[in-house]
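Engineer: Fold the stuff below for me.
(chains A and B)
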Amino acid sequence: MVVVAAVSAAAVAASGQGRSERSVAPQATQVSGNITFATWASNPIETKLLDRFLNAFRKKYPKIKVNHLTFEPGYPDTMLARFAARKAPDAFYVNMDLALDWTKQGVVQDLTPYIQKYHYSTKPFFPKLLSAFQVKGKTYGFPKDWSPLGMETNNALLAKAKVKPPQTWAQLKSAAQKLKDDVPGGRPICLSNNWDRLMAFVYQNGGTFINAKKTKSTVNTKAVKGAVDYYVGLIKQKLAGTPAQLGVDWCGEALGKQKAAIVFEGNWVAPYMKDTFPSVKYKINPMVRNKRRGNLAFTNSYSIAKQSKNKPAAWTLIAYLASRPGQKIWTGSGLALPTRGDVTPLARFKVLVREAPYAHPYQFAPKFSKVLDVSNNELSAVIEGKKSSQDMLKKIQQTANDALK
Amino acid sequence: MAAVRTDRVEGGRSADVREALVGYGFVALPMAVFIAFFIYPIGYALYISFFDWGILGKFESVGLDNYTRLFHDDLFWRSIKNTLYYTAGVVPAQMALGLLMALAVNQAIRGRAFFRAAFYFPSLAGSAAITAVALYLLSSDGLVNTILGTDQPFFGDSDTALQSIMALNVWTTSGTIMLFYLAALQSIPTDVYEAAAIDGAGLWRTFWKITFPLLKPGHFLVAVLSVVGCLKVFDQAFIASGGTGGPNYSTLTAVLFLYRTLFGDFEFGYAAAAGIALFFLIFFFTAVQRLLFGRAEVGH
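Structural biologist: Predicted structure coming up:
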């Protein structure tokens, strides 16, 4: 009781000091303990940065011992085993794809009481990104970083064909027609045969996958069909190719190997190009638009385990990691984009951050993993010409409605 | 056996019991491991399949709902169809190729030891590694397409994806099949061949009328192991399709369906039901083979 009163008093007093972080987390002297923090490890640069990040935290809160665990490969599977064994790490990353399922399964802690207790302002977070980790008004994680899709264009190829980076669907098509002869294989655009790229075009045509209440699927509509027909149309007209058709694993590789002049990837393509194809000069442009602007957001969160035995310490950690000074450290080197409006991104990523208002998290409802599997399989059938887009949308809508029941 | 028994008629009973106990003692530890890691999980999976089971345990009991849902799940039936197609293609091909290689290295030819090792070598490389390399070799501008002069994305086209995995598996596993057949071949007494030669039987007749029938125990062993292995195919399908079972459901095998249900939707009960269904399918096939090939043993 006394501790709570002291902390609240300190919070009230400190809140007058403006952006002091002391007002949003327990005092460094009051919280202690050992906690485990689990993350994946996509590349060594990210790991090194995370080490520095955690050391900054350790300096600020010396009484909290953070044991950093990396589960690579197979982060989700390892976490699943840990949850089931009741040995969950105290704090961990949550992938946006799994956030709704993990929340529904009851393994993620509701942060709302801590947000209220420590007066943690969630206003600076981009609303759409934060909403990816909110269910029924409760917050289950803070977005750690994110990226929308950008349109990357090969400088040399576009200059050669005298083409400006397209801004609309019509311009994209005509740009591809002009670039046809400048790429081996004759397909200047790389389009992934996956809804995690197609969906951006669906939003640009005013379509949606499910309704706002998440009670039924809205995918079998004219707007969605229009987007699908345009997207698949580019591939069928040989103006675009899927990664398999271009002989690459993903469209970033097509950009690097110069098999495509226009690709749609997020900021993850930047370190990849720098490491693997440093001599290829490309530009990140805003996403194309049609009836309206539409984009996808890919993000992950910092969250706490419901099973955690030291939630105050775990809260302190994620509150710090997601805070303004925290995100400054994490995103300062351009490895990722900040999820807060009050952290300035690197100049060359400003074009991506500006997509934030139109970027919908690529996430729908619990138990949607199967629906997306079906959607992607159906899409590949349509691309191969074995099915009509109408039939595909009917099938997807039916599968989605079953999952939403 | 009878001779021994009459010798020990006095201490006979307790000697038998002692011998039996020693036997059980040796088997006890492996049996305990087998029960703990095979029987118990199967029983537990059967138990789970009657519930709506999540990460942290059961949500509620649903009786046979998981099985009825499975029955009406066209994704599940597609996965069974793919798995059966795969098995029907791979098993005869593997057996034929394995038998051919066994016959070849059974001859007294120069470099026989090298050929035995070379034919067996693909079996040693892990299926995951081989599939990962195959992704490059069979990509639309990979080595195979360059040689053939085409640009067919083998794993990216639903007409060729599963077939490519089948070909890959035949190549990998036929080395192991070769070993089984080699052992069976060498157990055929040579006087049978001498008799056949005296009777004037040619190469083909010797093989078809003598060697092939005498290999029946080998056929049975190889067929069972092959079929069971094929019905459980997972690694190659997972890696080649990136876990999606695509393109167009072509590489969705039964175990991959189970995996996606478990790790994608966290429906442990439903996945357990799929696992039990697969168990019965494999059991059915093994029983059928036992009936078909089992009768052959009576003739010996």
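
Engineer: Give the residue spans of the chain that score low on pLDDT.
Structural biologist: Using chain A. The model of chain A has pLDDT under 70 over residues A:1-29.

Engineer: Actually, chain B is the one I wanted.
Structural biologist: Along chain B, the parts satisfying pLDDT under 70 run over B:1-12, B:294-300.

Engineer: tell me which parts of it are close to chain A?
Structural biologist: For chain B, the contact set with chain A under CB under 8 Å from any CB of the partner chain comprises B:54-56, B:75, B:135, B:139-142, B:151, B:153, B:155-158, B:244-249, B:252, B:260-261, B:263-267. From N, CA and C alone the C-beta is placed, and that goes for glycine too.

Engineer: which ones among those residues are found in helices?
Structural biologist: B:Leu75, B:Leu135, B:Arg260, B:Thr261, B:Phe263, B:Gly264, B:Asp265 (DSSP state H).

Engineer: Which ChimeraX command selects the buried ones in those residues?
Structural biologist: Listed next is the ChimeraX selection for buried residues among those, using 16 or more other CB atoms under 10 Å in any protein chain shown:
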select /B:75,135,260,261,263,264,265
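
Engineer: nearest to A:Leu49, of the ones in helices among the residues of chain B next to chain A?
Structural biologist: Comparing those against A:Leu49 with CB to CB places B:Phe263 closest, at 28.6 Å.

Engineer: Identify the farthest-apart pair in the ones in helices among the residues of chain B next to chain A.
Structural biologist: For those, the farthest-apart pair by CB to CB is B:Leu135 and B:Asp265; their separation is 26.5 Å.

Engineer: From A:Lys309, how far off is B:Val91?
Structural biologist: The gap separating B:Val91 from A:Lys309 is 52 Å, by CB to CB, to the nearest Å.

Engineer: Look at these two and report which has more neighbours.
Structural biologist: Between B:Val91 and A:Lys309, counted using other CB atoms under 10 Å in any protein chain shown, B:Val91 has the larger neighbour count: 21 against 12.

Engineer: Go through the helix or strand hosting the more buried one and flag the buried ones.
Structural biologist: Using DSSP states H and E, B:Val91 falls within helix B:74-106. If you call a residue buried by 16+ other CB under 10 Å, then helix B:74-106 has these buried ones: B:75-76, B:78-80, B:82-84, B:86-87, B:89-91, B:93-95, B:97-99, B:101-102, B:105-106.

Engineer: cool, stretch B:45-62 as well?
Structural biologist: Using 16+ other CB under 10 Å as the test for burial, stretch B:45-62 gives B:Ala45, B:Ile48, B:Ser49, B:Phe50, B:Phe51, B:Asp52, B:Trp53, B:Gly54, B:Ile55, B:Val62.

Engineer: would you list every one of the strands in the stretch 151-300 of chain A?
Structural biologist: When assigned using DSSP state E, counting those that start in this stretch, the strands of the stretch 151-300 of chain A occupy the ranges A:189-190, A:240-241, A:262-265, A:282-285, A:295-304.

Engineer: can you put the ones you listed in CSV and add mean neighbour count and distance to B:Thr206?
Structural biologist: Conversion of these to CSV gives the following (neighbours: other CB atoms under 10 Å in any protein chain shown; distance: least, CB to CB, whole Å):
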stretch, mean neighbour count, distance to B:Thr206
strand A:189-190, 26, 58
strand A:240-241, 26, 55
strand A:262-265, 26, 62
strand A:282-285, 18, 67
strand A:295-304, 26, 66
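
Engineer: quick one: contacts for whatever residue of chain B ends up closest to chain A?
Structural biologist: Closest contact between chain B and chain A, by CB to the nearest CB, is at B:Gly156 (2.6 Å). Neighbouring residues of B:Gly156 by CB atoms under 8 Å, 6 or more residues apart in numbering or on different chains: A:Thr242, A:Pro243, A:Ala244, A:Gln245, B:Ser140, B:Pro247.
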